[in-house]
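>>> Build me a model from this:
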Amino acid sequence: MTTQTADRRAVTLPRVLASEWTKTAGLASTLWVPITTVVVALAIPLGLTMFARPGDGTTAAGLVVSGVVLAQLGTLVLGVLVGTSDHATSTAATTYTAVPRRLPVLVAQVVLTTALALVTAVVALGAAVLVTGPGRQAAGLSLDLAADDGTARAFVGYVIYLTAVALLGLGLGAVLRRPAGALVTGVAVLVVLDQVLAANPGRVTDTVRVLLPGVGTRLVETDARLALTESASLGPHLGAWGAGLVLAAWVVGLLVAAAVRLWRGDVT
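The predicted model follows:
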């Protein structure tokens, strides 16, 4: 009987994951952030589609994925909320008393954030395809996933990028443990710093830009758009997947830093 009771109470990853899901699902933001992300992801594509005209250089794929500019902020918030949930609600001590090895909690948060962000990104992409349909048809813009112009890669990159940004937010949240600080830092490295450097083009600044996580947006560009972006840069030309590796390095680095802090530091 004692052995069976101990087995039922053993700390396992599935149980930690279930616990993290219960905590996350109990937050109103878990519903509203993904919904808001999908809505804002449609705003730019829908607006641009209204002004699309035949022969103006607009592409069907470019219209669909243009909402990533705003959608990335939504998945960033999602990751930050998951990463800071225990500290924002003052339940960290309880959580890590129940899970004394600590790291399974971070692993569960990574799995949960990935799943939520992946679903959000796929829904946002599908919704963007649907809402831009009539406008694309009126402008004579056909959407062909089999075309050899990077359309399929841009769509896959859209989902990968938004999911990676959510994990970036999770890493920042787990390291900084304060929602406001993590969110401001995330916006700064993803958007603000990139725009500041873009306003001062040069070999050094362009090189720094491709080392920032925001370079991952090149995953979302079609071949023609990517070629234009890289031709205008004096920094290294990484291509779409090279840019994705830079973003992945940021995500992995932040998650490793979070794991080290969680393992060696105070949990409160």
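
>>> Just the CA coordinates for stretch 166-183, please, in PDB.
Only the C-alpha atoms of stretch 166-183 are listed here, as PDB (Å, rounded to 0.1, in the frame of the first residue of the first chain):
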ATOM      1  CA  ALA A 166       6.900  32.700 -27.700                       C
ATOM      2  CA  LEU A 167       9.800  30.600 -26.500                       C
ATOM      3  CA  LEU A 168      12.000  33.700 -26.500                       C
ATOM      4  CA  GLY A 169       9.400  35.300 -24.300                       C
ATOM      5  CA  LEU A 170       9.400  32.300 -22.000                       C
ATOM      6  CA  GLY A 171      13.100  32.400 -21.600                       C
ATOM      7  CA  LEU A 172      13.100  36.100 -20.800                       C
ATOM      8  CA  GLY A 173      10.300  35.600 -18.400                       C
ATOM      9  CA  ALA A 174      12.000  32.700 -16.600                       C
ATOM     10  CA  VAL A 175      15.300  34.700 -16.400                       C
ATOM     11  CA  LEU A 176      14.000  38.100 -15.300                       C
ATOM     12  CA  ARG A 177      10.900  36.800 -13.500                       C
ATOM     13  CA  ARG A 178       9.000  40.100 -13.900                       C
ATOM     14  CA  PRO A 179       6.400  40.400 -16.600                       C
ATOM     15  CA  ALA A 180       7.000  44.100 -17.300                       C
ATOM     16  CA  GLY A 181      10.800  43.800 -17.500                       C
ATOM     17  CA  ALA A 182      10.700  40.700 -19.700                       C
ATOM     18  CA  LEU A 183       8.100  42.200 -22.100                       C
END
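
>>> Please point out which parts of that stretch sit buried.
For stretch 166-183, a neighbour-count test (16 or more other Cβ atoms under 10 Å) marks 166-179, 182-183 as buried. Quick note: C-beta positions are derived from backbone N, CA and C, even for glycine.

>>> Between the residues you listed, which sits nearest residue 258?
When these are compared for distance to residue 258 (Cβ to Cβ), residue 174 wins out at 3.5 Å.

>>> which non-adjacent residue is nearest that closest one?
Using Cβ to Cβ, 6 or more residues apart in numbering and skipping the chain neighbours, the partner closest in space to residue 174 is residue 258 (3.5 Å).

>>> Can you check the pLDDT for that neighbour?
Residue 258 is assigned 95 on the pLDDT scale.

>>> Now do the helix or strand containing it: which elements does it pack against?
Assigned by DSSP states H and E, residue 258 falls within helix 239-264. If you count contacts as 3 or more Cβ pairs under 8 Å, 6 or more residues apart in numbering; DSSP states H and E, helix 239-264 packs onto helix 103-131, helix 151-176, helix 223-231.

>>> ranking these by burial, who's on top?
helix 151-176 (a mean of 25; mean count of other Cβ atoms under 10 Å).

>>> count of neighbours near residue 20?
Residue 20 has 25 neighbouring residues, counting by other Cβ atoms under 10 Å.

>>> who's in contact with the closest residue to it other than its chain neighbours?
Computed as Cβ to Cβ, 6+ apart, the closest residue to residue 20 that is not its neighbour in sequence is residue 108, at 4.4 Å. For residue 108, the contact set (Cβ atoms under 8 Å, 6 or more residues apart in numbering) comprises 13, 16-17, 19-20.

>>> How much space separates residue 108 from residue 217?
Computed as Cβ to Cβ, to the nearest Å, the residue 108 to residue 217 distance reads 29 Å.

>>> Select, out of the helices and strands packed on helix 239-264, the one closest to residue 248.
helix 151-176 (6.7 Å).

>>> Check whether the nearest residue to residue 201 once chain neighbours are set aside sits in a helix, strand or coil.
Once flanking residues are discounted, residue 201 sits nearest to residue 234: 6.9 Å by Cβ to Cβ, 6+ apart. Following DSSP: H, G, I helix; E, B strand; the rest coil, the label given to residue 234 is coil.

>>> Most neighbours of all the contacts of residue 108, which one?
residue 20 (25 neighbours).

>>> I am finished for the moment; much appreciated.
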